[in-house]
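A.B. asks: got a predicted model here, sequence first, then my questions.
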Amino acid sequence: MELEFYGATRRVTGSCHILRAGGYTIILDCGLVQGSRETEELNHEPFPFNPAEVDAVVLSHGHIDHSGRLPLLVSRGFRGPVYTHHATIDLCNVLLKDSASLAEHDAQYRRRHGDGDAAPLYTVEEAMRAIGHMKGLRYGQKQQIVPGISVRLHDAGHILGSAFVEIEVSEGDVHRTFVFSGDMGQYDSPILNDPEAIGQADVVIVESTYGDRLHKNFDLTVAEIGEIISTACLECGNILIPAFAVGRSQELLYLFGQHYHEWDLAKWEIFLDSPMAIEASRIYWSHEELWDEEAALFRRNVRRMPPVGNLHLTGKIEESMTINSMNEGAIIIAGSGMCNGGRIIHHLKHNLERPDCHILISGFMAEGTLGRQLVEGRKEVFLHGRPYRVEARVHTIGGLSAHGDRNDLLRWLRTGEGSPAVMIVHGEESVKESFKGFLKDELAVDAMIPQPGDRLDLATVTLHRAVDENTNEKHKE
Ligand SMILES: [Zn+2]
């Protein structure tokens, strides 16, 4: 029995690992590599296994960097089931379809601009076929996926339906339990439950996106949002909030509902200007059984979720365009989350050059995105090729994150019983090293950092390197 590390090992995106035991092959996550155009070309490459010979997939959650290559796996011959949480299937209906339609549009654009052979990574139809392979599980439900291998999903508190996966593998007399974190959420975040405890395990594979830092305090972050809204109200401007459709948009609406009177939100018109976020919100509010106690109690006290009477769901383009005529009193939540496309660009065009307007940045902005330029305080940016002066005030609030920080990850790892070995994946190289050092100090654990192609012998819990580090050194010389 062995686990081969493949994706999200050297980089953050493209999560994918291969479990081989008892003659079966199981894939854990099948994510898209995201980044520059050159990096994303990697998604077209063959899998390091024959998709037709894969017996099953286990999917931790709906984010595209964990689920986004599933349609490709199916179109290349995979015929088995994809085990995941019920809510993840619902979110994949939104996320995978969106990913496919972006790929189709991109291919069309490239064909029009001289690349006659440009084909999408996959089509909407192929995405739908992949969703057809999904089998829904509940948290805590033990499911045998092939003889000798069973899985159980546990709440990871990252997005709705997100799970860390407990996998029990038996081969002859050897029984091993390993845990794959997927992405881990923050403790005490709104709407969702805290990550569940790990329990007994021989090995834990842990993500490390924020393994080298601490998030800003959540209550301070919420207070900061309140202050921004009060200032904007006095100055009679608009507030623009670029936000991811899944997770962040719902968190913001939930906070608006909770602080509706305190923040005097009745004075505003609030717009959720993203068809995808509207869909994702419907899914979030329909899965009340997955909310934490606070959210459930809140729901019992209010008639609708979120309790924001002046919320406008502007799904259609014409509806979205009417927002442009508002010079004040509009709070606009729109995608894309990093301002590298989507409706937020149109709202920026109308508001960026106005000193009474406010841009509230609540999420991570990758290098090279417009959002990053705003965070860095650029005085001028280009929107659709035209320069715009940045007169609006840009506020970066740090406390909302779907990922746990270093202390959250530590707190979670402390819930492991039986001194499990720890493998660090899903992080920048320097972050993983920093997190390894942190775990050594705090947990006295000598964590391992697997590289792509490395194989973990689960029976002996030994990591076999694909590339001999000494040989590698020689190559470098
Ligand atoms: Zn995620």
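C.D. replies: Happy to help now that I have it.
A.B. asks: helix, strand or coil for Leu72?
C.D. replies: Three-state assignment for Leu72 (DSSP: H, G, I helix; E, B strand; the rest coil): helix.
A.B. asks: for it, what are its contacts?
C.D. replies: Leu72 makes contacts with Cys30, Asn43, Leu121, Tyr122, Glu126, as judged by C-beta atoms under 8 Å, 6 or more residues apart in numbering. For the C-beta atoms, the positions are set from N, CA and C on the backbone; glycine is no exception.
A.B. asks: could you check the pLDDT of the nearest residue to the last one once chain neighbours are set aside?
C.D. replies: The one in question is Glu126. Excluding its sequence neighbours, the residue lying closest to Glu126 (C-beta to C-beta, 6 or more residues apart in numbering) is Pro71, at 4.3 Å. On the pLDDT scale, Pro71 is placed at 97.
A.B. asks: quick check, Pro71 in contact with Gly132.
C.D. replies: No. Counting by C-beta atoms under 8 Å, Pro71 stays clear of Gly132, with 10.5 Å between them.
A.B. asks: between those two, who's got more neighbours?
C.D. replies: The residue with more neighbours, out of Pro71 and Gly132, is Pro71; 31 against 9, by other C-beta atoms under 10 Å.
A.B. asks: burial count for the nearest residue to Pro450 once chain neighbours are set aside?
C.D. replies: Spatial nearest neighbour of Pro450, excluding adjacent residues (C-beta to C-beta, 6+ apart): Phe5 at 4.1 Å. As a burial measure, Phe5 scores 23 neighbours (other C-beta under 10 Å).
A.B. asks: in the sheet, who's paired with Phe5?
C.D. replies: Under DSSP bridges, the beta-bridge partners of Phe5 are His17.
A.B. asks: same question for Ile361.
C.D. replies: As for beta bridges, Ile361 partners with Thr396 under DSSP bridges.
A.B. asks: verify the contact between the residue nearest to Pro450 and Val425 for me.
C.D. replies: Yes. In this structure, Phe5 is within contact of Val425 by C-beta under 8 Å, at 6.7 Å.
A.B. asks: so which bits of the stretch 51-200 of the chain are right by the ion?
C.D. replies: Contact residues (C-beta under 5 Å from the ion) of the stretch 51-200 of the chain with the ion: His63, Asp183.
A.B. asks: where does pLDDT dip in the stretch 51-200 of the chain?
C.D. replies: For the stretch 51-200 of the chain, no stretch is flagged by pLDDT under 70.
A.B. asks: can you give me the strands in it?
C.D. replies: Ranges of strands within the stretch 51-200 of the chain are 56-58, 82-85, 134-137, 142-146, 149-155, 163-171, 174-180, 199-200, based on DSSP state E, counting those that start in this stretch.
A.B. asks: got the residues of the stretch 251-400 of the chain near the ion?
C.D. replies: Listed as neighbours of the ion in the stretch 251-400 of the chain under the rule C-beta under 5 Å from the ion: no residues.
A.B. asks: which residue ranges of the stretch 251-400 of the chain form strands?
C.D. replies: 269-273, 311-313, 330-334, 358-361, 380-383, 386-389, 393-396.
A.B. asks: against Ala296, how distant is the closest residue to Ser189 other than its chain neighbours?
C.D. replies: Distances taken as C-beta to C-beta, 6+ apart place Gly157 nearest to Ser189, at 6.6 Å, with adjacent residues excluded. Gly157 sits 15 Å away from Ala296, going by C-beta to C-beta, to the nearest Å.
A.B. asks: rewinding a little: show me what contacts the residue nearest to Glu126?
C.D. replies: Pro71 sits next to Leu96, Ala100, Leu121, Tyr122, Thr123, Glu126, Ala127, Arg129, Ala130 when contact means C-beta under 8 Å, 6+ apart.
A.B. asks: JSON lines for those residues, including neighbour count?
C.D. replies: Output for these, formatted as JSON lines (neighbours: other C-beta atoms under 10 Å):
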{"residue": "Leu96", "neighbour count": "25"}
{"residue": "Ala100", "neighbour count": "22"}
{"residue": "Leu121", "neighbour count": "22"}
{"residue": "Tyr122", "neighbour count": "25"}
{"residue": "Thr123", "neighbour count": "17"}
{"residue": "Glu126", "neighbour count": "19"}
{"residue": "Ala127", "neighbour count": "28"}
{"residue": "Arg129", "neighbour count": "15"}
{"residue": "Ala130", "neighbour count": "25"}
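A.B. asks: related to what we said a few turns ago, adding mean neighbour count, write the strands of the stretch 251-400 of the chain out as TSV.
C.D. replies: Output for the strands of the stretch 251-400 of the chain, formatted as TSV (neighbours: other C-beta under 10 Å):
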stretch	mean neighbour count
strand 269-273	24
strand 311-313	18
strand 330-334	26
strand 358-361	23
strand 380-383	13
strand 386-389	11
strand 393-396	18
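A.B. asks: in JSON lines: those, plus distance to Leu409 and mean pLDDT.
C.D. replies: As requested, the strands of the stretch 251-400 of the chain are exported to JSON lines (distance: least, C-beta to C-beta, whole Å; pLDDT from 0 to 100):
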{"stretch": "strand 269-273", "distance to Leu409": "31", "mean pLDDT": "98"}
{"stretch": "strand 311-313", "distance to Leu409": "34", "mean pLDDT": "97"}
{"stretch": "strand 330-334", "distance to Leu409": "29", "mean pLDDT": "98"}
{"stretch": "strand 358-361", "distance to Leu409": "24", "mean pLDDT": "97"}
{"stretch": "strand 380-383", "distance to Leu409": "34", "mean pLDDT": "96"}
{"stretch": "strand 386-389", "distance to Leu409": "39", "mean pLDDT": "97"}
{"stretch": "strand 393-396", "distance to Leu409": "23", "mean pLDDT": "96"}
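A.B. asks: indicate which one of those strands is closest to Phe438.
C.D. replies: Taking C-beta to C-beta, strand 393-396 is the member of these nearest to Phe438, at 24.8 Å.
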